[in-house]
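Undergrad: please work out how this folds:
(2 chains)
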Amino acid sequence: MLSRVADAVMWMNRYVERAENVARFVDVNLYLELDLPQDERTAWAPIVATTGDHSLFRERYGEATRDAVLRFLVLDREYPSSVVSCLSAARENARSVREVISSEMFEVVNQAYLAVRGADPAEALAAPHDFLTTVKQASQLFVGTTHLTMTHNEAWHFGRMGRLLERADKTSRIVDVKCFLLTQRPAAPGSPEDELQWLALLRSASAFEMYRKRHRRVTLPDVVRFLVLDEAFPRSVYHCVYEAERSLRAFTAAQGRDDGALDGPLTALTALRDELGRTTVDAVLDRGLHESLDAVQTKLNAVGTAVYETFLAR
Amino acid sequence: MKFDGYDPGETFDEMFQSPGRPWPGTSLLAQRLETLAPGELSRRQQAAERALLSMGITFNVYGHTDGAEKIFPFDIVPRVIDAATWSTLSAGLAQRVRALNLFIADVYDRQRILDDDVVPRALIESASGYLLPCRGLKPPNGVWCHITGTDLVRDRDGKFYVLEDNLRCPSGVSYVLENRRVMKHTLPRAFEASRVRAVDVYPGRLLDALQRLSPRGPDATVVVLSPGRFNSAYFEHSFLARQMGVELVEGGDLVARDGAVWMRTTHGFDRVDVIYRRIDDTFIDPRAFRADSLLGVPGLMEVYAAGGVALANAPGTGVADDKVVYAYVPEMIRYYLHEEPLLPNVPTYLCSNPRDLEYVLDRLDALVVKCANESGGYGMLIGPASTVEERARFAQLLRANPRNYIAQPTLDLSRVPTLVGDHFEPRHVDLRPYILHRGGDDVWVLPGGLTRVALRKGSLVVNSSQGGGSKDTWVLDEPAAAQRQSQSQSQGGQSQSQSQGGEPC
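TA: Reported below is the predicted structural model:
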């Protein structure tokens, strides 16, 4: 496969996934807003903090009000990680690989972009949940369409790997939101507010119902167990890394090189999967939740760099 | 929706010979359109436009950053060409392309036609499309112009004329194929009843023509070379690659070395045998032509000259694209083929000829003046629609560089009913058929083509950059099939009674 094409297929997938996850971040707070008593204002600054772009935000918008954060993360075309920018980038990448993907895949991305770009900002801000649901559904439609209309060839595996690495990173950041919330407004473990925050996080990862079936009571260790280490939940960090490794292995094998010259990324990803597979919740919490998540994110980035250097940059 | 009040006027109308009287080949379509309730056609038109937008069938508008693509405006009323007319057209196009190919081969080889002074030597040597590095090259199977798009217009008397030949990278065939796909959904019954010849054989024929050029036998690796997604025709490049199942590459994906061309892949370098290049001649290799080109592949021409890779169209074909050289095509047909041209040129005044120049300067308000090497409707003066200032500017240009200009009478392009709001109005059209040259006498003409329509009332400019749109072009099958036609109609009637809501047409 052409290196440029591989790159575009991967980023098309990553950007669709990223748009969905930004929508999920924003959803955390929208849920909290609904659940918290009216006199307690929901803090919007932690959401911005998790993106790592808080200084850019402050420069452009100043105070982290609900509308400002929504505009920034969802509608801002100048901010490269906003929902609309992600979908635009996904579409540009899709446009450059139309000969590789199915027409149906392109149409899903194109329609999602056209819908978001054409949306009336006032309406989107008035009913953000509906708007974000559209984005999430478009992403899910894209994944399903990709699964069902594209040959599961090397391009498919490469794109899938990109999507799963992106999702692993973003789920870890959703859990991280809780760490930021705690620094802003400490809530005693087990208190009603603590539980509300965890519920909001689980809902934003579409994990609430599945979590209940597995663990019932909402506690810190169990939420971490579910969102970070669960083997079967499709948004858990471990599951994503495990599946990404599977696709990277298939992709590497398809390159038909047995001299090991292309094995670097796989080695790095296997090590991370192995580490996540062995570790325990206690170990994660002992190290500090934020620190542990940070370390995972760093390793995911290293895998991305190795992929780039091995397959794409020539 | 009725054609009451539709006035074809004095201009040749492709659907009506007089008010209320369709041509024999178009009466079926006209009847079908009339059975649609008012509003239904507009709804279908909008549905067709939505489908084109959703499929991303768009072109890029230069100078815009966001939302830079637009759909090529599409009109729902097709243009119909009956079987007899098409068979004359197609024979004339094949003849023309054979002669043009022989001309290009001759100009880059022995130059017999210049020695015999049938075409003036000075004209060729001053043509910007004449590329010295191509002198002496021998492309596979003797074919230079593998893919040609020839623009035809139909004058008041209903006669077709060749307006220009596009022999470098003619574009638009993707719209022919996609418009057809949309039309099959939009007017399925009219389409079925009319017995329209298929156009979707094109990508298969194109791939076959390209594979024949391979220096390494039939298992060739064919690629489409595009300037990238910011090019106005990017959709088409990607579309053709997809339809042929080959890689779409950009200059940066290719390297020329060790006598071959290679593409960068995730596992290393793969050899490329045939390049369908959609980059203009002088951009394909910065070492051979324009050093400032970032689109091409350094060293490509050297590999090509040594036979290590095939290019379609061959570099150098632009020499026959020149609008002054165009004037000599009828002579080329007589010279190389010893035949009379089946398709006439539009009468053309060459400004390099002093008498012609005087005539043109006298009648700038009545003529169309064209620059020899511009396309897309740029560098052009349409006399009857021009201002005094524009004419003065062109008069200066003509005197300063007469070689670079031709003039032609303003033709009254034929018209086709076009949906305007809630009724039909006539709009001017042209036609670009696509011709594949596959070696020897093997020339194939796609039965159909791109009908471009000037959507502005009274306008004669059909270019997409200047308010033009397109229509599906229906080339009808031989009338021998008339019996089958009535059968399919009655089948269509059954399906109508079964379907719920809507009115299949």
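
Undergrad: who touches residue A:257 in this structure?
TA: With contact set as C-beta atoms under 8 Å, 6 or more residues apart in numbering or on different chains, residue A:257 has these partners: B:267-268. Just so you know, the C-beta spots here come from the backbone N, C-alpha and C atoms, and that holds for glycine as well.

Undergrad: go with 6 Å
TA: For residue A:257, the contact set (C-beta atoms under 6 Å, 6 or more residues apart in numbering or on different chains) comprises residue B:267.

Undergrad: which residues of chain A lie near chain B?
TA: A:1-4, A:6, A:95-96, A:98-99, A:106-107, A:110-111, A:255, A:257, A:311, A:314 (C-beta under 6 Å from any C-beta of the partner chain).

Undergrad: for the chain, what's the longest helix?
TA: All of this refers to chain A. For chain A, the longest helix by residue count, based on DSSP state H, is helix A:3-35.

Undergrad: wrong chain, I was asking about chain B
TA: Counting by DSSP H, the longest helix found in chain B is helix B:83-107.

Undergrad: could you check how far residue A:98 is from residue A:106?
TA: Residue A:98 is 5 Å from residue A:106, where distance means C-beta to C-beta, to the nearest Å.

Undergrad: ignore the last one, residue B:150
TA: To residue A:106, residue B:150 is 32 Å away according to C-beta to C-beta.

Undergrad: of these two, which one has the most company?
TA: residue B:150 (26 against 22; other C-beta atoms under 10 Å in any protein chain shown).

Undergrad: I'd assumed the more buried one was in a helix, is it?
TA: No: counting by DSSP: H, G, I helix; E, B strand; the rest coil, residue B:150 falls outside a helix, being strand.

Undergrad: quick one: what helix or strand has the nearest residue to it once chain neighbours are set aside in it?
TA: Leaving aside its chain neighbours, residue B:150 sits nearest to residue B:165 (5.2 Å; criterion: C-beta to C-beta, 6 or more residues apart in numbering or on different chains). Using DSSP states H and E, residue B:165 maps to strand B:160-166.

Undergrad: centre of the chain to that strand, how far?
TA: 10 Å (C-alpha atoms, centre = their mean, to the nearest Å).

Undergrad: average pLDDT for the next helix or strand after that strand?
TA: Per DSSP H and E, the first helix or strand lying C-terminal to strand B:160-166 is helix B:173-186. The average of the pLDDT scores along helix B:173-186 is 91.

Undergrad: can you list the residues that contact helix B:173-186?
TA: Here helix B:173-186 makes contact (C-beta under 6 Å, 6+ apart) with B:44, B:48, B:51, B:57, B:72, B:191, B:199, B:236, B:239, B:434, B:448, B:450, B:470, B:472.

Undergrad: now go through those and say which are in helices.
TA: Secondary structure from DSSP H places B:44, B:48, B:51, B:191, B:236, B:239 of these in helices.

Undergrad: next, give me the two most distant ones among those residues.
TA: Across the ones in helices among the contacts of helix B:173-186, the longest distance by C-beta to C-beta is 24.9 Å; it joins B:44 and B:236.

Undergrad: which helix or strand in chain A has the lowest average pLDDT?
TA: Within chain A, confidence by mean pLDDT, DSSP states H and E is lowest for helix A:45-51 among all helices and strands, at a mean of 80.

Undergrad: what's it in contact with?
TA: Residues outside helix A:45-51 that contact it (C-beta under 6 Å, 6+ apart) are A:25, A:29, A:54, A:57, A:64, A:69, A:173, A:176-177, A:180-181, A:184.

Undergrad: name the member of those with the most neighbours.
TA: So for the contacts of helix A:45-51 (other C-beta under 10 Å), the most neighbours sit at residue A:181, 27 neighbours.

Undergrad: chain B versus that residue, what's the distance?
TA: Distance from residue A:181 to chain B, counting by C-beta to the nearest C-beta, to the nearest Å: 36 Å.

Undergrad: dump the residue contacts of that residue.
TA: Residue A:181 touches A:46, A:197, counting by C-beta under 6 Å, 6+ apart.

Undergrad: ok so it is a helix residue?
TA: Yes: Residue A:181: assigned to a helix according to three-state DSSP.

Undergrad: from residue B:219, how far out is it?
TA: With C-beta to C-beta as the criterion, residue A:181 and residue B:219 are 61 Å apart.

Undergrad: residue B:462: neighbouring residues, count only.
TA: Counted with other C-beta under 10 Å, the neighbours of residue B:462 add up to 26.

Undergrad: look at it and give its secondary structure.
TA: Three-state assignment for residue B:462 (three-state DSSP): coil.

Undergrad: just read off the phi/psi values of it.
TA: Dihedral pair for residue B:462: phi -100, psi 0, per degrees, to the nearest 10.

Undergrad: go on, residue A:90?
TA: Residue A:90 has phi and psi values of phi -60, psi -40 when expressed as degrees, to the nearest 10.

Undergrad: also residue B:257?
TA: Per-residue torsions, residue B:257: phi -160, psi 160 (degrees, to the nearest 10).

Undergrad: name whatever forms a beta bridge with it.
TA: residue B:260 (DSSP bridges).

Undergrad: how much space separates it from residue B:429?
TA: Taken as C-beta to C-beta, the span from residue B:257 to residue B:429 is 48 Å.

Undergrad: those two: which has the busier surroundings?
TA: Each of residue B:257 and residue B:429 has its neighbours counted (other C-beta under 10 Å); residue B:429 has more, 25 against 11.

Undergrad: buried residues of the helix or strand hosting that one, list them for me.
TA: Per DSSP H and E: residue B:429 is located in strand B:423-432. When burial is assessed from 16 or more other C-beta atoms under 10 Å in any protein chain shown, strand B:423-432 yields the following buried residues: B:424, B:426-432.

Undergrad: ok, and what's touching it?
TA: Contacts to strand B:423-432, defined as C-beta under 6 Å, 6+ apart, come from residues B:6, B:149, B:151-153, B:172, B:413, B:415-418, B:449-454, B:460, B:462.

Undergrad: residue of the stretch 351-500 of chain B nearest chain A, please.
TA: Residue nearest to chain A within the stretch 351-500 of chain B: residue B:464 (18.5 Å; C-beta to the nearest C-beta).

Undergrad: number of nearby residues for the nearest residue to that residue once chain neighbours are set aside?
TA: Computed as C-beta to C-beta, 6+ apart, the closest residue to residue B:464 that is not its neighbour in sequence is residue B:72, at 5.4 Å. Close neighbours of residue B:72, defined as other C-beta under 10 Å, add up to 21.
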